[in-house]
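1. here's a sequence, model it:
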Amino acid sequence: MSDPLEQHIARQDAAMVEAGCWPADSPWVRSAVAALPRHHFAPEVVWSWDGARWEAVARGVDEERWASLVYGGPYDAAVTQVEDGLPSSSLSCPSVVADMLDSLRLDAGHRVLELGTGTGWNAALLAYRAGPGRVTSVEVDPGLAAEASGRLADAGADVAVHVGDGAAGWPQAGPFDRVIATYAVETVPWAWVVQTRPGGRIVAPWGRLGHVALTVSDDGASAEGWVQGLGMFMPARGVDQGLELHQVRERSPGGSTTAVFDRAAAGLADASLLFALRVLLPDVRVSIATGPRSGGGAAVAAWLHDAHSSWARLTDHPDGRTTVERGGPRRLDEEITTGWDRWEKVGRPSLYDFGMTRTEHEQCIWSEVDGVRQRWEPTPAPRPAPGAA
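-> Predicted coordinates:
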């Protein structure tokens with residue numbers, strides 16, 4: 001195998017196999033990815049984060065680096081557009097693409113609505129399965145829509161691409177058997193439910209952390225289903241993403257490390273706990289960092305921030321202590337502890353015990369364990385005490 005791109009394709013496929021990311025119930029997904037390679041849908045410039053800013057990587061300047069970004073690991077997205085210093089479009093990581101397509105339960109002949117065309121790759125995969133003329137895709141960015149249309153035509157994928165607001169769907173071509181979004185929403189638009197046939201399926205990222213699969217009821221009055229998995233997603237265009245961690249820290253410098261956390265920061269790596277905290281504290285973002293510890297072993301730290309003015313770092317130490325450093329008015333470590341306690345009190349429901357119900361007037365998140373369903377509501381952020389830091 002002499003073609004460098006073919007080598008990248010083979011490595012990514014092997015990594016997907018090793019990680020168990022190809023869905024056994026939807027073998028067509030792997031076939032579609034092989035027939036429609038990612039690089040055919042990648043722009044000439046992709047972006048790499050250097051720790052401080054996004055750096056452009058041009059195919060014509062460094063093809064090997066460009067290809068390594070397009071064909072990263074199973075959990076690596078390739079950022080294809082950056083606006084105002086933030087990513088605004090990407091080739092999603094192949095594991096999430098495969099998982100969402102599997103969740104869609106797509107069959108040949110289904111009419112499909114995709115929201116968020118992006119590069120066009122996902123639309124091409126949908127058309128591979130559904131068939132010619134069965135996929136309608138809506139993209140808010142006219143430039144991206146035009147480029148995707150060209151790539152889809154070059155690939156022989158018969159997809160109708162329209163410029164519009166994905167939240168409104170595309171009623172002109174409905175109703176649809178399947179609806180899938182490639183960007184995260186806080187609330188599943190009711191228009192998507194209305195434009196899906198009774199018994200049809202909607203797969204959408206929720207809250208930038210996971211995706212749900214909803215089935216429309218026989219009377220069309222609701223859609224309900226379960227969380228399918230974790231994954232980070234870009235929000236809809238125009239949604240304020242707030243500040244990055246380093247910006248929050250610059251705004252609110254931290255004080256001395258005096259507080260002690262009564263749990264190990266490493267526990268925040270639990271996907272089910274993370275999802276529960278995302279429901280309870282929607283503005284608090286959690287990330288885990290590991291690195292070498294002096295004297296051997298790995299040091300674990302959890303970073304918390306609210307994308308506005310407050311942050312905290314929880315650090316595990318060899319003696320079993322976990323210390324807290326804070327900045328800003330909120331005590332995010334205490335808010336996390338309250339949410340953690342609630343998750344444990346109700347039996348530590350797993351990620352896959354959570355689901356969503358959407359009606360015309362309401363969306364609710366719930367967990368169901370042993371037939372008992374419990375509704376989850378966001379916890380109001382506490383008001384900081386005067387002078388608190």
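2. show me where the stretch 251-389 of the chain dips below the pLDDT cut-off.
-> Within the stretch 251-389 of the chain, the stretches with pLDDT under 70 are 256-258, 291-299, 381-389.
3. that one: helices as residue ranges?
-> All helices of the stretch 251-389 of the chain, identified by DSSP state H, counting those that start in this stretch, fall at 271-280, 332-345.
4. do the stretch 51-200 of the chain as well
-> Along the stretch 51-200 of the chain, counting by DSSP H, counting those that start in this stretch, helices occupy 63-70, 94-104, 121-130, 142-154, 190-194.
5. so which of these is nearest residue 112?
-> Nearest of those to residue 112, taken as C-beta to C-beta: helix 121-130 at 5.2 Å. For the C-beta atoms, the positions are set from N, CA and C on the backbone; glycine is no exception.
6. tell me which strands and helices that closest one is in contact with?
-> Judged by 3 or more C-beta pairs under 8 Å, 6 or more residues apart in numbering; DSSP states H and E, helix 121-130 is in contact with helix 28-35, helix 94-104, strand 112-115, strand 135-139, helix 142-154, strand 159-163, strand 176-181.
7. ok, which of those comes nearest residue 18?
-> Closest of those to residue 18 is helix 94-104, at 11.4 Å (criterion: C-beta to C-beta).
8. tell me the domain boundaries of the chain?
-> What automatic domain parsing lists as the domains of the chain is 4-230, 245-345.
9. out of these, which is the most enclosed?
-> Mean neighbour count (mean count of other C-beta atoms under 10 Å) peaks for domain 4-230 among the domains of the chain, with a mean of 19.
10. for that domain, measure first residue to last.
-> Using C-alpha to C-alpha, to the nearest Å, the end-to-end distance of domain 4-230 comes to 31 Å.
11. quick revisit: distance to residue 371 added to the domains of the chain, as JSON lines?
-> Below are those laid out as JSON lines (distance: least, C-beta to C-beta, whole Å):
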{"stretch": "domain 4-230", "distance to residue 371": "14"}
{"stretch": "domain 245-345", "distance to residue 371": "19"}
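12. worst average pLDDT in these?
-> Looking over the domains of the chain, mean pLDDT reaches its minimum on domain 245-345, with a mean of 87.
13. any idea how far it is from the chain center?
-> 21 Å (C-alpha atoms, centre = their mean, to the nearest Å).
14. mind listing what the nearest residue to residue 79 once chain neighbours are set aside touches?
-> Leaving aside its chain neighbours, residue 79 sits nearest to residue 47 (4.1 Å; criterion: C-beta to C-beta, 6 or more residues apart in numbering). Residues counted as contacts of residue 47 (C-beta atoms under 8 Å, 6 or more residues apart in numbering) are 54-57, 69, 79-82, 87.
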